[in-house]
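[1] Sequence plus the predicted model coming up.
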Amino acid sequence: MNSPIKAWRKAKNNCLYLGKKGRVISCTLVNYPPKDYIQWAPYWTGVIELNSGKRVVSQLVVSNKQPKEGDWVIGVFRQLKPPLKAEIIEYGVKFKIIK
């Protein structure tokens, strides 16, 4: 079980990407995720190259559109995974497709 302190320490690093823009370098649809993410399957993940040149791996926030290489994205604040029983809800940064 995660504690609020551990979640906060992890979130401080995640929030470095909040509002950062970049492009999708590679993406994939995850149909068979780890057990903590089964409720959200299928979901998209991708390698994002930020405008600074740094690359990060993140879940992608998509609406009705399938993401593709070259799409522009921005870091947004979202729930990272469904909470398990008696566990805190973890929030952090995912990347949302923008036009």
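    Done, it's in. Numbering: from 1, shown residues only.
[2] okay, CA-based contacts and neighbour counts for the rest of this
    Noted.
[3] pretty sure residue 92 is in contact with residue 75, am I right?
    No - Residue 92 is beyond contact range of residue 75, at 9.4 Å (criterion: Cα atoms under 8 Å).
[4] any chance you could map the helices in the chain?
    All helices of the chain, identified by DSSP state H, fall at 4-14.
[5] in it, what secondary structure element scores lowest on mean pLDDT?
    helix 4-14 (a mean of 64; mean pLDDT, DSSP states H and E).
[6] strand partners of the longest strand anywhere in the chain, parallel vs antiparallel please.
    Longest strand of the chain, by residue count under DSSP state E: strand 21-30. Strand 21-30 pairs in its sheet with strand 43-50 (antiparallel), strand 72-79 (antiparallel), by DSSP bridges.
[7] which residues are in contact with the last one?
    Meaning strand 72-79. With contact meaning Cα atoms under 8 Å, 6 or more residues apart in numbering, strand 72-79 is reached by 17-24, 89-99.
[8] Out of these, name the ones that lie in strands.
    21, 22, 23, 24, 91, 92, 93, 94, 95, 96, 97, 98.
[9] Filter these down to the buried ones, PyMOL style.
    In PyMOL, this line selects whichever of the ones in strands among the contacts of strand 72-79 come out buried by 16 or more other Cα atoms under 10 Å:
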select buried, resi 21+22+23+24+91+92+93+94+95+96+97
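[10] right, and out of the ones in strands among the contacts of strand 72-79, which lies closest to residue 36?
    residue 91 (14.3 Å; Cα to Cα).
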